[in-house]
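In: what's the 3D shape of this:
(chains A, B, C and D)
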2 protein chains.
Amino acid sequence: MSLRMALLGLLTISGPASGYDLTKLFESSINHAWQARHSQIYPELNKMSADGLVTVGEQGARGRKTYAVTEEGARLLREWLLAGEPSRLARHEESLRAFLVPALEPDEAVALLREQARGYDARLAELEALGEPKTLERGRRAEGFGRYALDLGLRHMRMMRDWARDTADEIERSSRSRP
Amino acid sequence: MSLRMALLGLLTISGPASGYDLTKLFESSINHAWQARHSQIYPELNKMSADGLVTVGEQGARGRKTYAVTEEGARLLREWLLAGEPSRLARHEESLRAFLVPALEPDEAVALLREQARGYDARLAELEALGEPKTLERGRRAEGFGRYALDLGLRHMRMMRDWARDTADEIERSSRSRP
DNA sequence: TGAATCATGTAAGGCGTTACATGATTAT
DNA sequence: ATAATCATGTAACGCCTTACATGATTCA
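Out: Next up is the predicted model:
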């Protein structure tokens, strides 16, 4: 269901697009919260079309198909977004890794956490670059769509970086005090 | 692979345990980063045993089996943790929902975000209760294992709550200025 | 004694990844 | 001409969820 909603949402926010466009949109925008490859997106769009959630517009060059959200699709998305179910589906391999850090020896754990912190900093820089005017030329991104999401991504990276750094500090401190 | 590592990690940190124990441990500890039901855990433990990563100890009452990590299991976990692959597998339905908020009308979006912020606050309170001495009686949790993870969980909840609140504020402000 | 909890399993079907496969168009 | 990019699809296999299924032990 989530993939379906993600596609409806992307089409709603960014306007009609092809499967190819949506594949790239996934990568460039929503990637830190959800992933999908073209091999999953293309069949899903076909099913959604069969279910009346999207329509296929003009068949462009190279067999390009442009999809647009129908009224029913819009209604379904709205319902899904407003449905207050907690829906705790969350799979985050990095957090899992972080969680298992105490299974390592203290010095190994510290090294790993420091490296992770560096990684988050690098990705933070990538994301920050996306927010700068220079990168915004590709359109849309600035207004509404992407604004809040980008902000969320930035906060997430900062949070993870800080946690990794603080935890490394704490492990170092406690393993120095009783070695 | 992740489930396998999660199980090895939990067994390493908390000591020998049954599939039943691990199922509950999953729920009470790692839940915000990874989920697994008993129907996935039991077969996986059997496979891991066949692969020599864990051993089955004494068969207790009610057919209870107690698993322990083997040397090979420990080695595999260590390798996996230290392997620096970025591994960006992340599926977070809540972030996805948050991301799609701009697909709603401003007033609907604000209402949704406020409700989400309340939800995060509630879960934050739950997590904070876990960190208090009273709840710690069930053992282990306090030292090492759970400490860092709990901290990460708390930071995550706070981050999400703040984002939801700030974004609601921002949408409210911008829809008031040009309605 | 009956309900709750402990304890383990299997099966069907859906979701997601990797790999395979093909061809058109554009830029160098 | 050649490489890069655009563009869509299918198939096999693995991971995960939901539902079905069973029985032992403990507590009130």
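In: what does the domain assignment say about chain A?
Out: Domain assignment for chain A, taken from automatic domain parsing, gives A:2-82, A:93-177.
In: looking at chain A, which helix or strand does the model trust least?
Out: helix A:106-131 (a mean of 88; mean pLDDT, DSSP states H and E).
In: For chain A, which residues are neighbours of DNA strand C?
Out: A:1-3, A:35-37, A:39-40, A:61-63 (CB under 7 Å from any atom of the strand). Placement of C-beta: from N, CA and C, glycine included.
In: returning to what we had before: out of the domains of chain A, which gets nearest to B:Ser18?
Out: domain A:93-177 (19.0 Å; CB to CB).
In: quick check, distance from that closest one to the centre of its chain.
Out: 14 Å (CA atoms, centre = their mean, to the nearest Å).
In: Output the below-cut-off pLDDT ranges for chain A.
Out: For chain A, applying pLDDT under 70 flags the ranges A:130-146, A:178-179.
In: if you set the cut-off to 80 instead, what comes out?
Out: A:84-88, A:126-127, A:129-147, A:177-179 (pLDDT under 80).
In: The longest helix seen in chain A and chain B, are they touching?
Out: Ranked by residue count under DSSP state H, the longest helix found in chain A is helix A:147-177. Yes - with CB under 8 Å from any CB of the partner chain as the criterion, chain B is reached by helix A:147-177 at A:147-149, A:151-152, A:155-156, A:159, A:162-163, A:166-167, A:170.
In: got the domains of chain A as JSON lines, with distance to B:Glu128 and mean neighbour count columns?
Out: Shown next, in JSON lines, are these (distance: least, CB to CB, whole Å; neighbours: other CB atoms under 10 Å in any protein chain shown):
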{"stretch": "domain A:2-82", "distance to B:Glu128": "25", "mean neighbour count": "17"}
{"stretch": "domain A:93-177", "distance to B:Glu128": "16", "mean neighbour count": "17"}
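In: Select, out of the ones you listed, the one closest to B:Ala68.
Out: Of all these, domain A:93-177 comes closest under CB to CB, at 13.8 Å.
In: Any part of the closest one near DNA strand D?
Out: No - interface with DNA strand D: domain A:93-177 contributes nothing (CB under 7 Å from any atom of the strand), its closest point being 9.1 Å away.
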